[in-house]
Every structure is written in C-alpha cells, then in structure tokens.
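Chemist: sequence first, then the predicted structure, then my questions.
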Amino acid sequence: MTVLIVDDSPVMRNFIRRVMRLAGFGQAEYLEASDGSEALRCARAAHIDLVLTDINMPGMNGEDLLAALHADPALRAIPAVVVSTDATLDRQERTTALGARGYLAKPFSPETLRDEIERALEPRR
Amino acid sequence: MIAVIPVVRQVTREVLETMFFSEAEPVACGHTEDCIAARVRFTGNASGELTVMLSPELARSLSAAFLAEEDDEVTAEQRGQVSCELANIICGAILSRLHPSSRVALGVPEAAAPDYGEAIHQCFATPEGVLAVTLRMG
Amino acid sequence: MNHLTVGISDCKVSSDPDSVLVTYALGSCIAVAVHDPVTLVAGLLHYLLPEASLDREKAAQNPYMFADTGISRLLKDVCQRGAQRSRLVVRIAGGARMMNSDQLFQIGKRNHLAARKLLWKAGLLVKSEAVGGEVSRTVRLETATGRVLVRESGLECGGHRETRPAERSLA
C-alpha cells in the first residue's frame, strides 16, 4: 500500500504518518508533498492507494488537487481524505462533490483520524 | 454576533487536549518576557491575524507531545514548526466557528514577535507553562 | 473464573485464560487495560497521579502509582509474559471529575491526558475509553477474550448515591 500525505507543515505530515503506522498501516510506503502540484506529480508517477490532504497550502491548494485527481480518469478512484483547519460546511460539500471520502477538521485526536481513515478505506457498495 | 473570547477559550482548550494532550485554563494575563511566538494571517470575508505565544518550557513539552518524542529530544527547529502549526490549527478552528459560512483563507504561519497590543487577548495556564492567544480582526 | 483484583496504584498481568482482572472505585484514577489477542496476555493498571516527578520517592517504591512509570512498567510486564506491543488492544477508563475540588487543573482530566500522551508516545492508539463525568467505575478485563466491562455509579455527594447497576462492554 502507498499513502500520499499532502500538507505544507512537516510536523503535521509527521503526525499523520505516525497515526497511520500505529493504526496498522506500518507496512505501507509513505510519500509526502507540501502542496497540490507536488502531490499531483507523485500521484501520476506512482500507484497511490490513499491520499490525505490539507486544504490551505501555498501554490495549488487541496481542493484544486482533488479537482485535478477527479478530472483524471486514471486517478479518480484514489480514495482521498481531507484533513484541514477549514471546518466550513461549504468546503466539505465541495470536496465531497470532488470525490473525497472523508473530511476531518483540525483539531482531532489520533484515534479520530484513525477512525476516519478506516471508514474511507472500507469497500464501497 | 458571536462573542469572540468564549470561542477563543473553547477552541484553545480543545486543540491542546485533542492533539497536544495538555489542558489549558483561562487566566488573567501577564507578559511572558521570554516566549516563542507564531503568527498566521487570514484574508477573505474576514481578515486579520492570530498570534500564539508560548513559554519555552511549554513549547518544548507541546512539541514533544505532538511529535511523540521525549522533551529533551526536541530541536529548536521542531519547536518553531510545532508552534506554527499550533497557531494554524487554533486560527482555523476559531474562524470556522466565527464565520461558518464564509470563505477565509489562512496564510502560511511563521515565527513572529510577541503581540500584547490592543486586541482580543486571552492567556492560559497549562501544567507545563503559559500560552497566550492574540486575535486581531479587520 | 479466577478473579485477580487490582488495587489502587497497582497492576496485574495474566496469561491464564480462566482469569478476569478487576479493579474497583475508579474515581479520578485511570485504569489502563491492555490485551494481546494472539498470545492472550492481559494487563490491568490502576494509577492515581499523572507524573512521578510529583513524588520521586513514592514512584521508586511503587511505580504503579503514576501514569508515566506505571504505563511503562505495564507494557514491560505484559511483554515479558509474551505479549507483543504492536498487537496490544488498549482501553482506558476513569478520570472522573471529583466534587468539591477547587484545583485549577482537575486531577481526573490530568490523569486522562497523561494516559493518552504516554500511550501515543509508546506507539499505541486507544481502542475505546469510558472517561470523565462524575461517576465511579469498576473495570473488568477478561483474559480469554480481551473483553472489557465497565460498571458506573454516581459519586457520593452530600450522602446521596445514585447507582446504575448495568455493566457495559467497551467496544
């Protein structure tokens, strides 16, 4: 399994990676990007099984990243979870419409992040 | 019109408890001479800036907790990065509650000088040290 | 069924499938229940205070009194009995708010936060928890199944005690 973590804060990427490892994904490979453009390049270069992305980032933000993934038939099916300081309903609705399977507003506990990731990875009916 | 100070208190407590495993009790303010400060600016339907100021011991303790390291393993760079992320999370959560239907964009948080000027200001005691939050709107 | 009682500032570990570890009267204290579902090793810690630095001498005599020394020893104890840390299922209970406390920081909440922080640093996420409120709790951990059962009752206040005898399993 390959997980792509997208956030401009290196310590936040560290936190997310740790949660995933402790949640049972210790064997996964982790790729990191600090903005949407870098993330899109990663997604096109490697087979990604899960994207965890912030919204507010310099350059291409998380919503634009989701739009780009959604617009690409080869990338559209990648499960994505938004992990953001933006808790507005408006943003949640827009990212859900772009295919995001989960949305977590900061702050959240490690356990809450684990639960949201597990939900996002459940097989879809 | 939502009262701002209660939101600042509630958000700061929630952030510290969920992601930093610490608790924050609002207290009367005094100036912390030696502190680590981080600021994030925001623009859009609301504009302004939020600054967090932490006593050095608190910055070290919160960083160690966030990074799952021991206190004495945390570097100065990591303390700065965690303080910036703390400002980012507190600011985003406060704005989401004050302006739940608005589009507000957060800038990149950065190290800053302390801000004790005329603004919305709240101090907190934690078991590890002191934290202050200053919010300037408009 | 072999009941092993865990007292205040105490810890017990078992690999006997017939045993149930039980601790009573959790007010502001925290119980940490850990279980390895493969080797069927169970451990239950009941600690009183968050940090050994509050009383180093007492911590040297009894590490189970404090969250930091207690959780560290609990993990060591279960691993010595055959558990593997990465497999441990962790549940916590307790951390109630004590009445008539005028402390700035409530000890129950401090104990709860201490458990969460130490477990996070030790590489463990909490599966579920029954914490806070103003209730006294009894916790039972079944070694054979890893099931944790919690019973809650009202803390005494002015001589009136409200009891809720139902016991529930922590998910």
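Modeler: Cool, got the structure. Numbers count the residues shown, from 1 in each chain, chains lettered A, B, ... in the order given.

Chemist: wait, what's in contact with residue B:22?
Modeler: Residues in contact with residue B:22 (C-beta atoms under 8 Å, 6 or more residues apart in numbering or on different chains) are B:16, B:61, B:62, B:65, B:126, B:127, B:128, C:113, C:117. Backbone N, C-alpha and C define where each C-beta goes, glycine included.

Chemist: so is the helix or strand harbouring the first one next to chain A?
Modeler: When elements are assigned from DSSP states H and E, residue B:16 belongs to helix B:4-20. Yes: with C-beta under 8 Å from any C-beta of the partner chain as the criterion, chain A is reached by helix B:4-20 at B:14, B:15, B:18, B:19.

Chemist: chain C: which of these is nearest?
Modeler: The shortest separation between chain C and any of those is 9.2 Å, and it belongs to residue B:18 (by C-beta to the nearest C-beta).

Chemist: just checking, the closest one touches residue A:104?
Modeler: No: with contact taken as C-beta atoms under 8 Å, residue B:18 and residue A:104 are classed as non-touching, separated by 11.1 Å.

Chemist: from residue B:104, how far out is residue B:49?
Modeler: Residue B:49 sits at a distance of 12 Å from residue B:104 (criterion: C-beta to C-beta, to the nearest Å).

Chemist: hey, what's in contact with both of the two?
Modeler: The contact sets of residue B:49 and residue B:104 overlap at residue B:42 (C-beta under 8 Å, 6+ apart).

Chemist: need the contact list for the residue in chain C positioned nearest to chain A.
Modeler: The minimum distance from chain C to chain A, using C-beta to the nearest C-beta, falls at residue C:125 (4.9 Å). Counting by C-beta under 8 Å, 6+ apart, residue C:125 makes contact with A:19, A:22, A:23, A:110, A:111, A:114, C:90, C:119.

Chemist: if you set the cut-off to 6 Å instead, what comes out?
Modeler: Residues counted as contacts of residue C:125 (C-beta atoms under 6 Å, 6 or more residues apart in numbering or on different chains) are A:22, A:110, A:111, A:114.

Chemist: so which of those residues are in strands?
Modeler: Of these, none are assigned to strands by DSSP state E.

Chemist: on that earlier part again, filter the contacts of residue B:22 down to the buried ones, ChimeraX style.
Modeler: The command below creates a ChimeraX selection of those among those that count as buried (16 or more other C-beta atoms under 10 Å in any protein chain shown):
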select /B:16,61,62,65,126,127,128 /C:113,117
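
Chemist: can the contacts of residue B:22 go into JSON lines with extra columns for pLDDT and secondary structure?
Modeler: Formatted as JSON lines, the entries for those read as follows, by pLDDT from 0 to 100; DSSP: H, G, I helix; E, B strand; the rest coil:
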{"residue": "B:16", "pLDDT": "98", "secondary structure": "helix"}
{"residue": "B:61", "pLDDT": "97", "secondary structure": "helix"}
{"residue": "B:62", "pLDDT": "98", "secondary structure": "helix"}
{"residue": "B:65", "pLDDT": "98", "secondary structure": "helix"}
{"residue": "B:126", "pLDDT": "95", "secondary structure": "strand"}
{"residue": "B:127", "pLDDT": "92", "secondary structure": "coil"}
{"residue": "B:128", "pLDDT": "92", "secondary structure": "coil"}
{"residue": "C:113", "pLDDT": "97", "secondary structure": "helix"}
{"residue": "C:117", "pLDDT": "98", "secondary structure": "helix"}
